[in-house]
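Asks: Following is a predicted model, sequence given first.
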Amino acid sequence: MATDRSYRQLKNIQDDDFSDEENNAFAPLAGHQQQQSSGGGGTTTFRGGKRSQSTVRSCGRSRSTCIVFMALILVLAIAVVSSFARPRCSRDVGSTTNIYTTVAQHTTKPPPINPTPSPWPWNSVRLPTDVIPTSYRIFLHPNLTTYDVTGSVIINATVQNPTKLLVLHAKNMTFSKVEVLDASKQNIPLDKYVLNEKLEQADIVFVNEIKNGKIEICINFTYVLNDGLAGFYRSTYVDENGVTKTIATTQFEASDARAAFPCFDEPGFKATFKLNMVREPQYHTLFNMPLVNTTSSSDNLEMDVFEKSFEMSTYLVAFVVSEFENKTSTIRDGLKIGVHAPGRQIDEMDLAFEVLNKTIQFYEDYFGVPYPLPKQDMVAIPDFAAGAMENWGLITYRQVDVLYKEHVTTLQQQQRISIVVTHELAHQWFGNLVTMKWWNDLWLNEGFASYVEYVGTDNWNKDWHMMDQFILYATHTAMAMDCLQSSHPISVNVQEPSQIAAVFDAISYDKGACIIRMLQAYLGKEKFLTGLKQYLNNHAYGNADSDDLWKALSKQDDGGEVKKMMDTWTIQQGYPVVNMSRDNEKNITVSQKQFLLKDGYTPGKKSLWVIPLTYTDDSGEEYSTVIQNDDQDSNIEIASSVKWFKGNLGQAGFYRVNYNDDNWNSLSDQLWTDHTVFTPADRASLIDDAHYLARAGMLDYSITLNLGSYIAKDEDYVPITTLLSRFRYIGVMLQKTGDYNLYRKYMWQILTTWKNKLNWNETKEDSHLTKDSYVSVSSL
């Protein structure tokens, strides 16, 4: 168990990361130790940086004893008062350059805490922008026996506008010391500070207005290492010997960095971070950046010192203290990659390690921007709330989403692991290198990574046909949700932290991925990637919003439609159904309206989209046009010899297509004659559109069922799984009716055909999707 003595014994350890040029004073426990050493009776109050002490004592039997005692009190008071005139940040002037210097006898305690002020100095969820952080120096000592955490932070910041109020975030912690220094290292007098538990903020009020310039915010704090899977928390696992082990790990997204150290916990406040972590020798520490050195004390404690990070948002900071084992490798130009897990599970990280190795180099080529950090670690966490977290240079995972055991892990889970790894790696560029300004553009992070995860996994294993599977697991998922009245736009107005969590859904992830895919199809891959590279380079280590992305991509669009087009997809709820109706032999009339599943629901405002419409016909030629959001019908000329036409090639667009009955019947005839004329993605889109249009009352179910009757001929996973999923809905609807037996008979005929066609004795030669087809069919 660590004590104050531990830090005193480490006081002479040198720390180059906290040199004199950076104000090398950093005494993490000064305020905490002073409280402990003050002992005895009496109360202490603070205001305006001065201290007054009233103490009740007995003089005893002798008057001389009282005189001597009072003289000692006077000397002590003089010494204390003189100490306040000494400018420092948790350090005596002239002390050695180390992080552990203890100055319990010469520190200012915090101004008084007012737990229930009325009104609060600051009452907005968003922080003011008068003070901007530039760097953090963090000291932490988590005691993994008592679960107590002691820490300090020095925040270098710039005052942009004169102010008497400094506001930052803090959650579930106690401050033991607060100091603010000006550019000349002089203490700035504080009036008070208050902790606003509701807003998770600390309001520091100055006696006088502070002017523009550099300041240094120094805070000592303590809290308990929680088990709530957020902030800096504890987790346990059982090792190969049956011994329960404890680790300390982090999960900060979206707003829990404030529960680990006081900070400006909004994505727009990017800064650099340094970490010094104290631990017991059996543990080791991981951080976003590489380890510089480890120093030891005589009382069995060690301190890990890490390199300074690049500019990043607080939610991307991460650290793990554990006894995990690791596997590491060095790839191009000294870039180090590694995986970490409990000892008995480290070999189960091999698949993830291989995906990491191949994908990080593939993404460098894909984005056209080198991976910016000197290392990339991945850690399997025993208790983890999300699937994974993209902390820059230190990705953390739920174990089930990263551990692979041969002959035990299912094929589907193997694919899931690959997708999760490629998703988090995509964030290292899109989300970490360039970060959204605020959470209303969360989709910029998650939507893009949710698209690129398929690109990365497809590169990892071409046999999985991931871009076809995108239709199933992204397009169809998002469309099913976004046609409901309860959906929301991709870009939403987020204010409260609780609202941030609510937008981590299929709209931000899957619809976001779909409109990115649609935009790439519209621009073409080469132009899309050129614009993307420009966007990443222009905003590297900074923040951006949707308009910044559209601006970069618009330069690749000859028609200049990108922003106009994409605004209709990001700020409106829902998506359209495009009606393509053949009026005569040579003309198709095209119109649009919002597709809503609920019959009779009319939205309050008519929504229209700029639609990149693609289509083909029985000649095999492919065409494209742009449908404007002007509520005017469009006309497309076709040859009189055309038997059928199909819109939305490969379902690359995020819209449904409806036709006149004659064209639906012609499409059904083509599927019966030769379904391979259409790609698996196109067959899946026809099936999905027909079923949802029927559910919405826009298409007769006889046409829908006739279209899908060809399916017994199909052997491709994506259309098969799409149809079976839609038939499940019909089965549920008919289950308590007299027609259910007809449904069962119909389905049994299809399943019998598949049973005779598919080889149910799985072989090594079977493709990944063939094996998945067995699962889909047998599950029905």
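Replies: That came through fine.
Asks: any idea of the pLDDT on Arg51?
Replies: Predicted confidence (pLDDT) for Arg51: 33.
Asks: try Glu585
Replies: So Glu585 comes in at 84 (pLDDT).
Asks: Tell me where the stretch 351-500 of the chain has strands.
Replies: For the stretch 351-500 of the chain, strands defined by DSSP state E, counting those that start in this stretch occupy the ranges 375-381, 388-389, 394-398, 434-436.
Asks: Identify whichever of the ones you listed lies nearest to His675.
Replies: strand 388-389 (38.0 Å; C-beta to C-beta). The C-beta positions use only the backbone N, C-alpha and C, and glycine is treated the same way.
Asks: partner strands of the closest one, parallel or antiparallel?
Replies: Strand 388-389 has its sheet partners listed here by DSSP bridges as strand 394-398 (antiparallel).
Asks: Could you check how far the strand it pairs with is from the centre of its chain?
Replies: In terms of C-alpha atoms, centre = their mean, to the nearest Å, the centre of strand 394-398 is found 11 Å from the chain centre.
Asks: ok so, going back, and the strands of the stretch 351-500 of the chain as TSV, adding distance to Ala202, mean neighbour count and mean pLDDT?
Replies: Below are the strands of the stretch 351-500 of the chain laid out as TSV (distance: least, C-beta to C-beta, whole Å; neighbours: other C-beta atoms under 10 Å; pLDDT from 0 to 100):
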stretch	distance to Ala202	mean neighbour count	mean pLDDT
strand 375-381	29	24	97
strand 388-389	25	22	95
strand 394-398	27	24	97
strand 434-436	24	24	95
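Asks: want to try CSV for the ones you listed, with distance to Asn629 as columns?
Replies: As requested, the strands of the stretch 351-500 of the chain are exported to CSV (distance: least, C-beta to C-beta, whole Å):
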stretch, distance to Asn629
strand 375-381, 43
strand 388-389, 37
strand 394-398, 40
strand 434-436, 26
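Asks: And the closest residue in space to Gly231 that isn't next to it in sequence, its phi and psi?
Replies: Closest residue in space to Gly231, ignoring its immediate chain neighbours: Ala259 at 3.0 Å, by C-beta to C-beta, 6 or more residues apart in numbering. Taking degrees, to the nearest 10, you get phi -90, psi -10 for the backbone angles of Ala259.
Asks: Could you pull up the residues touching Ala259?
Replies: Lys171, Asn172, Met173, Tyr223, Asn226, Ala230, Gly231, Phe232 (C-beta atoms under 8 Å, 6 or more residues apart in numbering).
Asks: State the distance from it to Phe353.
Replies: Distance check for Ala259 against Phe353: by C-beta to C-beta, to the nearest Å, it reads 31 Å.
Asks: Can you read off the pLDDT for the closest residue to Pro372 other than its chain neighbours?
Replies: Leaving aside its chain neighbours, Pro372 sits nearest to Leu433 (6.0 Å; criterion: C-beta to C-beta, 6+ apart). Leu433 carries a pLDDT value of 97.
Asks: mind listing what Leu433 touches?
Replies: The contact partners of Leu433, taken as C-beta under 8 Å, 6+ apart, are Val369, Pro372, Leu536, Ala540, Tyr541.
Asks: What's the PyMOL syntax to select whichever of the residues you listed are buried?
Replies: In PyMOL, a selection of the buried entries from the contacts of Leu433 looks like this (16 or more other C-beta atoms under 10 Å):
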select buried, resi 369+536
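Asks: between the contacts of Leu433, which is nearest Asn326?
Replies: Pro372 (22.1 Å).
Asks: For the closest one, which residues are in contact?
Replies: Phe310, Leu433, Ala540 are the contacts of Pro372 under C-beta under 8 Å, 6+ apart.
Asks: and the residue nearest to Gly231, how far is that from Trp569?
Replies: Ala259 sits 36 Å away from Trp569, going by C-beta to C-beta.
Asks: For the chain, give me the ranges with low pLDDT.
Replies: Counting by pLDDT under 70, the ranges of the chain that qualify are 1-119, 599-605, 754-780.
Asks: Give me the nearest residue to Lys336, chain neighbours excluded.
Replies: Lys375 (4.3 Å).
Asks: Could you do Phe595 as well?
Replies: Take Phe595 and drop its neighbours on the chain: the residue closest to it by C-beta to C-beta, 6+ apart is Val577, 4.0 Å away.
Asks: And for Leu549?
Replies: Once flanking residues are discounted, Leu549 sits nearest to Tyr535: 5.4 Å by C-beta to C-beta, 6+ apart.
Asks: Let's verify the one you found: helix, strand, or coil?
Replies: helix (DSSP: H, G, I helix; E, B strand; the rest coil).
Asks: since we're on it, how many residues are nearby?
Replies: As a burial measure, Tyr535 scores 22 neighbours (other C-beta atoms under 10 Å).
Asks: how close does it sit to Glu390?
Replies: Counting by C-beta to C-beta, the gap from Tyr535 to Glu390 is 18 Å.
Asks: hang on, the earlier thing: Phe362: which of the strands of the stretch 351-500 of the chain is closest?
Replies: Nearest to Phe362, of those and by C-beta to C-beta, is strand 375-381 at 13.5 Å.
Asks: Outside of that closest one itself, list whatever touches it.
Replies: The contact list for strand 375-381 (C-beta under 8 Å, 6+ apart) reads 235, 247, 249, 286, 289-290, 320, 322, 324, 335-342, 345, 348-349, 352-353, 356, 360, 393-399, 402-403, 421, 424-425, 428.
Asks: next one: stretch 507-517
Replies: For stretch 507-517, the external contacting residues (C-beta under 8 Å, 6+ apart) are 442-444, 446-448, 450-451, 454, 470, 473-475, 477-478, 481-482, 487-490, 566, 569-570, 652, 654.
Asks: and the end-to-end length of that stretch?
Replies: 14 Å (C-alpha to C-alpha, to the nearest Å).
Asks: Run the chain-centre distance for it.
Replies: Using C-alpha atoms, centre = their mean, the distance from the centre of stretch 507-517 to the centre of the chain it belongs to is 15 Å.
Asks: cool, and stretch 186-195?
Replies: That offset, for stretch 186-195, works out to 34 Å (C-alpha atoms, centre = their mean).
Asks: Report the buried residues of it.
Replies: Asn187, Ile188, Leu190, Asp191, Lys192, Tyr193, Val194, Leu195.
Asks: surely the third one meets Ile210?
Replies: Translated: Leu190. No - Leu190 is beyond contact range of Ile210, at 10.5 Å (criterion: C-beta atoms under 8 Å).
Asks: Would you mind measuring from the nearest residue to Phe367 once chain neighbours are set aside to Thr422?
Replies: In this structure, Phe367 finds its nearest non-sequential neighbour in Trp429, 5.0 Å apart by C-beta to C-beta, 6+ apart. Distance of Trp429 to Thr422, given as C-beta to C-beta: 12 Å.
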